[in-house]
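> Any chance you could fold what I've pasted below:
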Amino acid sequence: MTKLDINGNTWQFLRPERAAKYIAVYERTFVEGRKHLAPITTRRQFATAFEILNRMNSGQQGVLLADDVGLGKTTVAALVALVFAGSKKRVRILAPNATMMRRWRQELEVHAAPVQTFAKHLDLSRAMRRTSDRVRRLHPGTIAVSTHGRAGNLSCDLLIIDEAHRARSEKSNLAAAVKRSRRSIGRVLVLTATPFSIDPNDLARLLSRVGGHSATAPMRKFSRLLDELWRGRRAGAPDELAEELVQSAEAAVEAIRPFVIRHGVEDLPAREQAAFGKVDQEWEQCAEEPPVELLEAMLRTDRALALGRRSGAWAKRRTNDPRHHVGSHQLTNDLEAILKHKSDDADHAHAIAHARVAKRLLKSNGAHAKIASSVRSVQRIVAAGEKVLVFCDHHATATELAAALARSLRWEPAADGAAPAIWHEAWARVFADVHGSEELGAQARARFDRFVDWLCSPGVRAQVYSWMNGREHAEAARLARTLESTRARRLRQCETIAKHARDLYLQLIDEESTSTRSILSNAHSRGLPGFRLARVAAVCDAGDQDGHHPNVFFPKEPDATLAVFNSPFGPDVLVATDRLSEGIDLHLFCRHLIHHELDPSPVRTVQSNGRIRRVNSWAARSKQPIRIAYPALRGTRDEKLVEIMRYRLLQFDLLLGGVRVEVKPEDESAAPSTTLEILAHARSRLEHLRLSL
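Next up, the predicted model:
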């Protein structure tokens, strides 16, 4: 691998001590609705980008950037990409999905103008030219952003692969494309927050893509030892096993150090940690006592399915489905499968009897105990004026929970005495200077009108009125003055209602997000969440249940919903699945997260938690803790699953994300007692193992 044909002076502007001057330039070119930069975080990101460029320039094939969730890997990679493009190099960026692809383009656009102003020697005239998602041939100085699934000809001078663990398999489309183009790819920058949570073979392939062939053997040994540790397959004295673990970890870290850079949130200086907010550990224990009727229904369902398996009415191996513990949907569906089957078998007759009793118990019991518990928790949070994010593993569970929340959380219609026409005129006054003196074109006018219609919709109007201390307004000018002077959510950490509305509008009409612009152009005000008096949105596949839950907002594309949730307006509750567990910012006005239904992978849980623990989070700005809850049903497998998951999360950063094994409560070897003792011996020595700069 030859050295880069880039003068080392090209990236001297990325020296950490120059971060403050860069921020000053950034603020001068700042566009309303975009994020502000935190000085201490920008210094670290500059240092990381500087080191990546140094390593690549020295002849190294690439780098695996494994910073913790929320530390700004996208920003670091964007700075590296702009240096390459500004030096007339070709850059390709592969994101895991269309939402992340749009975020990448926005990140590049955010930094392109200040970098060009700050580093005048770079030529970024071609960098931000719009290109299609699939570009066969790149011109010097251009950057193409696409998705993993559209990876074709990858010929370029720098290839950036985001969330690489999503396409880590050798059989994936991305792996095949990288293999085909390996001779025409110059340098590779791989981004993933979970290096040791990836299968050893897949991690070895990622390391090989950045030139880390020599690190494969010690890395595999460490991963294998971790695997055996979590599965309880290692025998011996805890102190001896701890010593073996420490030695293996030290060897693995030293082997991958030249190729991997990793910062954990807990490694950061106290000042930077404060920008993320502290996590309230005490709030994690939320156990609910299930009613006897629900326990009996689940036991009878388990028995009915076991008998159904004997009679052929139930083809699946599992009878005690984890979904039975988090909602009624799967319980009811499984019971219906037994009841619909026709058979003269004696076992099936007994299965039918159990299923009928279980179904009757579920009907008399009302809402599932865990659904009811999560609803009560969310109600308390929303009553305190806060937003809350709820994660579920399955789409059907998310839909069921969102519907229950929508039934319990509704705005009272605004009793402000102002006619809709007064609200429209007031908002028109608020936005009078947004477009300057330029005349709006037909499309821009349509987008603006749709947005104002949304601001005047029953839900948003009721929400805004709740912030105005019950003041009535009979004229538009007076109402506009109130919007300009009253803080959103009546909190001193918020700007005025008018300021937040203008910021949200500018973000929604961002040229990079075609989905949000099309919503404002082609749809009425119902294309945005929050227009109804219900206060819940759900990013999940509701299937044919969508029409059965008219009070829940189910977006076709999440961009606009995420933008609204990241403002003071709109839904107070966002229910989501794995679709939003990575690469999405949901932290600007939310510090509460509830894992109603856990994904079996600890990695997914860590990724989900990172949605609200990010730089300049609402927790940090409001000086209140981040609250992450793992509710459980006492005395059930759900409680055991939550216990094991929480334990593994505590060890996640200590073992560099080494918790790859899925949580399976039925596996008795997953009990943490022996592992806990081993880690207690190893903890003091493992804490020094860091890959940070």
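
> Let me see the backbone angles for residue 592.
phi -110, psi 130 (degrees, to the nearest 10).

> Chain neighbours aside, what residue packs nearest to it?
residue 388 (4.2 Å; C-beta to C-beta, 6 or more residues apart in numbering). (Glycine included, C-beta is placed from N, CA and C.)

> what ranges do the strands span in the stretch 201-350 of the chain?
With DSSP state E, counting those that start in this stretch as the criterion, the stretch 201-350 of the chain has strands at 260-261, 285-288.

> Work out for me the element residue 402 sits within.
Using DSSP states H and E, residue 402 falls within helix 395-408.

> ok, now residue 371?
Using DSSP H and E, residue 371 sits in helix 369-383.

> Following the chain onward from that helix, which element is next?
Per DSSP H and E, the first helix or strand lying C-terminal to helix 369-383 is strand 387-391.

> what sits up against that next one?
Residues from elsewhere that reach strand 387-391, judged by C-beta atoms under 8 Å, 6 or more residues apart in numbering: 374, 378, 381-382, 398, 401, 405, 565, 571-577, 580-581, 586, 589-590, 592-597, 599, 608, 611-612.

> switch to 7 Å and redo it
Contacting residues not belonging to strand 387-391 are listed as 374, 378, 381-382, 401, 565, 572-576, 586, 589-590, 592-596, 608, 611-612 [C-beta atoms under 7 Å, 6 or more residues apart in numbering].

> how many degrees apart are it and helix 369-383 in direction?
Strand 387-391 runs at 160 degrees relative to helix 369-383, counting by axes from the mean of the first three to the mean of the last three C-alpha atoms, to 10 degrees.

> How far away from the center of its chain is strand 387-391?
How far strand 387-391 lies from its chain's middle: 12 Å, per C-alpha atoms, centre = their mean, to the nearest Å.

> and it, what's its mean pLDDT?
Strand 387-391 shows an average pLDDT of 97 in the prediction.

> and if you look at stretch 498-513?
Across stretch 498-513, pLDDT averages out at 81.

> Walk me through the domains of the protein.
Taking automatic domain parsing as the reference, the chain has its domains at 8-193, 200-264+673-693, 290-368, 413-531.

> Next, format those domains as CSV and append distance to residue 622 and mean neighbour count.
Listed next are the domains of the chain as CSV, based on distance: least, C-beta to C-beta, whole Å; neighbours: other C-beta atoms under 10 Å:
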stretch, distance to residue 622, mean neighbour count
domain 8-193, 16, 19
domain 200-264+673-693, 24, 18
domain 290-368, 30, 18
domain 413-531, 5, 17
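
> I'd like to know which of the ones you listed lies nearest to residue 279.
Of all the domains of the chain, it is domain 8-193 that lies closest to residue 279, at 11.9 Å by C-beta to C-beta.

> The closest one spans what distance, first to last residue?
Separation of the first and last residues of domain 8-193 by C-alpha to C-alpha, to the nearest Å is 28 Å.

> before we move on, the earlier item: looking at the domains of the chain, spot the one closest to residue 632.
Closest among those, using C-beta to C-beta: domain 290-368, at 8.4 Å.

> Now do that closest one, average pLDDT.
For domain 290-368, mean pLDDT is 91.

> quick one on the thing from earlier: list the contacts of the helix holding residue 371.
For helix 369-383, contacts defined as C-beta under 7 Å, 6+ apart pick out 286, 288, 290-291, 294, 325-327, 388, 390, 400-401, 404-405, 408-409, 535, 572-573, 592, 594, 596, 629, 631, 633.

> Where do the strands of the stretch 501-650 of the chain begin and end?
So, for the stretch 501-650 of the chain - with DSSP E, counting those that start in this stretch - the strands run 536-539, 573-576, 590-595, 627-633.

> Can you list the strands that the last one pairs with?
The strands that strand 627-633 pairs with in its sheet are strand 285-288 (parallel), strand 590-595 (parallel) (by DSSP bridges).

> Mean neighbour count and distance to residue 311 for the ones you listed - can I get that in CSV?
Below are the strands paired with strand 627-633 laid out as CSV (neighbours: other C-beta atoms under 10 Å; distance: least, C-beta to C-beta, whole Å):
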stretch, mean neighbour count, distance to residue 311
strand 285-288, 16, 34
strand 590-595, 25, 37
